[in-house]
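# This is a predicted model, with the sequence first.
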Amino acid sequence: MKVFFDHEIFTAQDYGGISRYFASLQHIFKESQKADLEIAVPNWRTNNLHYCNVYGTKPTGYTFRKLTEGYNDIINCKAQIFGDFDLIHRTYMQATFNPKHVPEICTIHDCIPERFPDEFNLQDFVQVKNNLMQRCARVIAVSNQTKEDLLTYYDIAESKIDVVHHCVPSFPTDNEINVPLPKRFILFVGKRRGYKNFRGLLGAFEAAKLEKMGYKIVAFGGGAKTMEDLYEIEACQLNGDNVIFMNGDDRLLADLYRNAACFVFPSLYEGFGIPLLEAFSENCVVCCSNISVFHEIASDEAEYFDPLSKGDFSSALLRCITKDKPNVSDMIFNKFSSSKIYSETLSTYIKALQA
């Protein structure tokens, strides 16, 4: 079986959850060294860190993303015209070129724009997403929560959807980090706006009086601090020194998980939650929202709180900072193992070919 992955997400993202998923998937396929599966991911240039980690290349950088996108489109089209592929696995939603009409599958990671339409400029998003799913022979949902949401928001047959979880990520082992870290801190990872509930974390942090105990918040990823961040910090009666904003690569992120008092995931909704698995892989205490998808992933290995209750949130933080490093059960690592995602994804490919 020869599977084609288009370039779309690797051109659109320099890093991020979706491109990490596809890079991890390709790494798993490469490492399996099984003759029954061959993949192709043609790219002219990419700045995507996850792709570069898998294929041992350096980010090429590009001044004009649209130009790079155009060249990658041409290379992808030529590969499909002259190549002999059995299946296309779409990495996002825009690409439609399929000259030999081979079966397609897609992976849907969440229904966040559908759940929070006021936070997104939907325009034709829902229609494009629906067209993609209707066109595909099979649809992978990354969690049971995402599957339920797809059945709620779209007219799609339940029998067409396969739930295939993400796998536990592997961080680089050469962790010689020269970035100074605060002595005591709790860790937040990712974007900070809207449903991510960073404002809720600031309020709970202040209510727990953690700044008086010498703790800080380290917010990793999600870009540099903004005026809106500073406004929210001040609105929660904290000062700028209480929150440290960092960006960097997986080596730094792994070091943060290892040294944090706890990792906090206060989202109001997620389609999955890869940072939970990242934290578990580095034996970091996890404090997260009491939402169904987090229970699906973390089971009994996390401290849960109501993300809309400042009191419940702050109490959970106080409990977590006194906990020892966890011994995460093998059940978590087996449930989200690379071998499991390999076999389940391959099963979806076979179903698509037989559809």
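Here it is on my side, so go on. Numbering: from 1, shown residues only.

# where along the protein do the strands fall?
For the chain, strands defined by DSSP state E occupy the ranges 2-5, 38-40, 87-90, 104-108, 138-141, 161-163, 185-189, 216-220, 243-246, 262-265, 286-289, 303-305.

# Which pLDDT value goes with residue 48?
At residue 48, the model reports a pLDDT of 85.

# Sorry, wrong one. I was asking about residue 176.
pLDDT for residue 176: 68.

# Ok, residue 121 next?
For residue 121, the pLDDT comes out at 73.

# May I have the phi/psi pair for it?
phi -90, psi 90 (degrees, to the nearest 10).

# got the contact list for it?
Contacts for residue 121 (C-beta atoms under 8 Å, 6 or more residues apart in numbering) come out as none. Where C-beta positions appear, they are placed from N, C-alpha and C, glycine not excepted.

# please redo it, this time with the cut-off set to 10 Å
Counting by C-beta atoms under 10 Å, 6 or more residues apart in numbering, residue 121 makes contact with residue 113.

# Can you point out the buried residues in stretch 236-251?
For stretch 236-251, a neighbour-count test (16 or more other C-beta atoms under 10 Å) marks 236, 238, 242, 243, 244, 245, 246, 250, 251 as buried.

# ok so, going back, which stretch in the strands of the chain is the model least sure about?
strand 38-40 (a mean of 83).

# what packs against that strand?
strand 2-5, helix 17-32, helix 65-82 (3 or more C-beta pairs under 10 Å, 6 or more residues apart in numbering; DSSP states H and E).

# can you do 8 Å?
Using 3 or more C-beta pairs under 8 Å, 6 or more residues apart in numbering; DSSP states H and E as the contact test, the elements touching strand 38-40 are strand 2-5, helix 17-32.

# picking up where we left off before, with distance to residue 276 as extra columns, can I get the buried residues of stretch 236-251 in a markdown table?
Putting the buried residues of stretch 236-251 into a markdown table (distance: C-beta to C-beta, whole Å) gives the following:
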| residue | distance to residue 276 |
| --- | --- |
| 236 | 25 |
| 238 | 26 |
| 242 | 25 |
| 243 | 22 |
| 244 | 22 |
| 245 | 22 |
| 246 | 19 |
| 250 | 16 |
| 251 | 20 |
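
# tell me which of these is nearest to residue 275?
Lowest distance from residue 275 to the buried residues of stretch 236-251 (C-beta to C-beta) belongs to residue 250, with 12.2 Å.
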